[in-house]
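[1] Okay, predicted coordinates and the sequence, questions at the end:
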Amino acid sequence: MLTLERFSFGVGDRFAHQAKAQLQAFQKLEAEGVVVAPVWNKSNREHTFVGSEPQSVFDAAQAAISAKGWKHGWHVDADHIRLETVERFLTCSDFFTLDVADSIGQPPAPAEVEAFIARHPELVGTITIAGVSEPFTTTRKEVETVVSKYLLAVKEAGNIYRHISAKKGEANFIAEVSMDETDAPQTPSELLIILAALADEKVRVQTIAPKFTGRFNKGVDYVGDLAQFEREFNDDLAVIAHAVQQYGLPANLKLSVHSGSDKFSLYPIIRRALARTGAGLHLKTAGTTWLEELVGLSEAGGDGLVLTKEIYAYALAHVDELCAPYASVIDIDHSKLPSAEVVNQWSGPELANAIRHIPGHPGFNSNVRQLLHVSFKLAAKAGARYLDLLKSNEEIVAKQVTENIFERHMRPLFLG
Ligand SMILES: [Zn+2]
C-alpha cells in the first residue's frame, strides 16, 4: 500500500506558479527537524473555475520537487472527487479525497441497516474507548439512526474506492474520505460507526475528514467553542486508534482537517493532541496561497497593485454572485467592505495589510480577505496579465507564500 506519512499538509496552487515557494516552507520545517509531506490538492470545482487540467498540478509539483531536491514523500490529491468527476484525475494523482457528503442522509434499504447492526453488536450499548472523555452509550435505535444517515455515503466511498483500485491498483494510491461539506458535524460516536462501515466496505482509508463543530470559514480563523473542539478532536483521535485495532483499518489512519488554513486558534490544541497521542495529521489548506499572491502583488506596487485593486472593485460589484457557491463557508459583513474608491486610495502596503492574515493588525480586514478568497476566477479571467505579473514579481510573491505557510501555519502546528 502506498502509505501516507504521519504528517502531511495540503497546499493549493490555483495558478500553478507557487509550488517552489510552497515547498520552501516544507524545507524550512525540515531544517527545524520536522518532516511533513506536501500534498498538492486541487478540486474539480477549482479546475472548472480556473480552466485548468489535473495534470498541471502534478507537473508543477514535480518541477518544484526536482528543482529544490526534496528527498521525502509528496503527493498530488484529487480533492473532493466523486465517481462522475474522478476520471481525469486517475493518471496524475496518487491521493484521492472521496467526497461522499452528498450521499449523507439518503436512506438505505431497512434490510441493509438491519444487516449492519447484526454484524456490529459491539456498537450497541456502552462502549469504553481508551482516551475518550466519557464512554459512549448508544441504544440500538440511535445506532439505527446513525447507520441510516451514513450507510449510503460509506457505500458510495466504497464505489469510488473500487473504481480507482480497478484503474490504478489498490497498492498505488492513498484514500481519504471526506464528509466535511455537509450541514451537521459528525460526533465522535458517529465517526466510530462510519469507520466500522468503511472497514466493512474494505476501504483502506488512511485519512478521514469529518465535519467538526464550529465554523471553518475559508481563509480566516475558526469561530466556535475551543473547549468543545478540543474535546471532540481528542475523542476523534481516540476513536480512530480504537477503530484501527477493532476493524483492521490501516494503522496510519489519521484525521484530516479541511479548510485548515488560518485556523490559528486551533493549532495549539491540535499540537498538544498530537504530542500527547503520537497521532498523525493531514491539514488541508487549499486555495489561500492565491491570497498571498495578491498580498505580494499589492506590496510590489505598480501594475500588480493596479490589478489587485481592479479585482477587488469587480468582486465588490459582484459580491453576491461570487459568494453564493461558498455561502456555508464564509461570513462576510458587507457593511465592513470598504468601497472601491477607498481601496483605490490605498498604498500597496495598506492593501497588503488588509488581505494578509495577521489577527490584531490594525489594517487587517477579514471581510476583504474572504471576498478576495472566493474571487479567484477573476484572476483566471485576467489570464496572461495576471500570470505575467506573478512571473515579474516572483520573488516578492514567493516570500509571502513561504512565510504564510511556514510562520503562520507550520510553526504553531509543528514547532510551537
Ligand atoms: Zn473539504
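    Received the coordinates, thanks. Since the model is a prediction, treat every value here as computed from it, not as a measurement.
[2] and this structure, which residues reach the ion?
    180, 258 (CB under 5 Å from the ion). Bear in mind the C-beta positions are built from the backbone N, C-alpha and C, glycine included.
[3] need the strands for the chain, in chain order.
    Secondary structure of the chain, counting by DSSP state E: strands at 7-11, 37-43, 75-81, 95-99, 125-127, 136-138, 174-178, 205-209, 254-257, 281-284.
[4] Just the pLDDT at the one residue in the stretch 51-200 of the chain that gets nearest to the ion, thanks.
    Relative to the ion, the nearest point of the stretch 51-200 of the chain is residue 180 (4.4 Å; CB to the ion). Per-residue confidence (pLDDT) for residue 180: 89.
[5] If you drop the residues flanking it in sequence, what lies closest to residue 26?
    residue 38 (5.1 Å; CB to CB, 6 or more residues apart in numbering).
[6] what pLDDT does whatever residue of the stretch 151-300 of the chain ends up closest to the ion get?
    Nearest residue of the stretch 151-300 of the chain to the ion (CB to the ion) works out as residue 258 at 3.3 Å. The confidence metric pLDDT takes the value 95 at residue 258.
[7] Might you report the residue contacts of it?
    Residues in contact with residue 258 (CB atoms under 8 Å, 6 or more residues apart in numbering) are 178, 180-181, 209, 216, 284, 286.
[8] Over to residue 75?
    So residue 75 contacts 4, 8, 37-40, 93-95, 174 (CB under 8 Å, 6+ apart).
[9] Also residue 41?
    Contact analysis of residue 41 by CB under 8 Å, 6+ apart lists 10-12, 57, 76-77, 79, 95, 97, 284, 286.
[10] try 6 Å
    By CB atoms under 6 Å, 6 or more residues apart in numbering, the residues touching residue 41 are 10, 12, 77, 79.
[11] Pull the number of nearby residues for residue 270.
    For residue 270, the tally of surrounding residues (other CB atoms under 10 Å) stands at 23.
[12] do residue 69 as well
    Each residue near residue 69 was counted by other CB under 10 Å, and the total is 8.
[13] about what we covered before: just give me the neighbour total for the residue nearest to residue 26.
    Residues lying near residue 38 (other CB under 10 Å) number 26.
[14] my guess is it meets residue 72, correct?
    No: counting by CB atoms under 6 Å, residue 38 sits too far from residue 72 to count as a contact (8.7 Å).
[15] Could you check how many residues crowd around the residue of the stretch 51-200 of the chain closest to the ion?
    22.
[16] Surely it touches residue 209?
    Yes: at 4.9 Å, residue 180 counts as touching residue 209 under the criterion of CB under 6 Å.
[17] Spit out the contact partners of residue 128.
    By CB under 6 Å, 6+ apart, residue 128 lies in contact with residue 135.
[18] oh, and call the first residue 796 from now on, that's how I've got it
    From this message on, residue numbering opens at 796, which makes the last subject residue 923.
[19] Can you check what pLDDT the model gives it?
    94.
[20] and what of residue 844?
    For residue 844, the predicted pLDDT is 85.
[21] Check the spacing between the residue nearest to it when sequence neighbours are not counted and residue 847 real quick.
    Spatial nearest neighbour of residue 844, chain neighbours left out: residue 1172 (4.5 Å); criterion: CB to CB, 6+ apart. Computed as CB to CB, to the nearest Å, the residue 1172 to residue 847 distance reads 11 Å.
[22] Residue 800 now?
    Using CB to CB, residue 800 is found at 26 Å from residue 847.
[23] Compare neighbour counts for those two and give me the winner.
    Counted by other CB under 10 Å, residue 800 and residue 847 do not tie: residue 800 has more neighbours, with 21 against 17.
[24] The closest residue to that one other than its chain neighbours bridge partners, please.
    Leaving aside its chain neighbours, residue 800 sits nearest to residue 832 (4.1 Å; criterion: CB to CB, 6+ apart). Beta-bridge pairing for residue 832 (DSSP bridges): residue 803.
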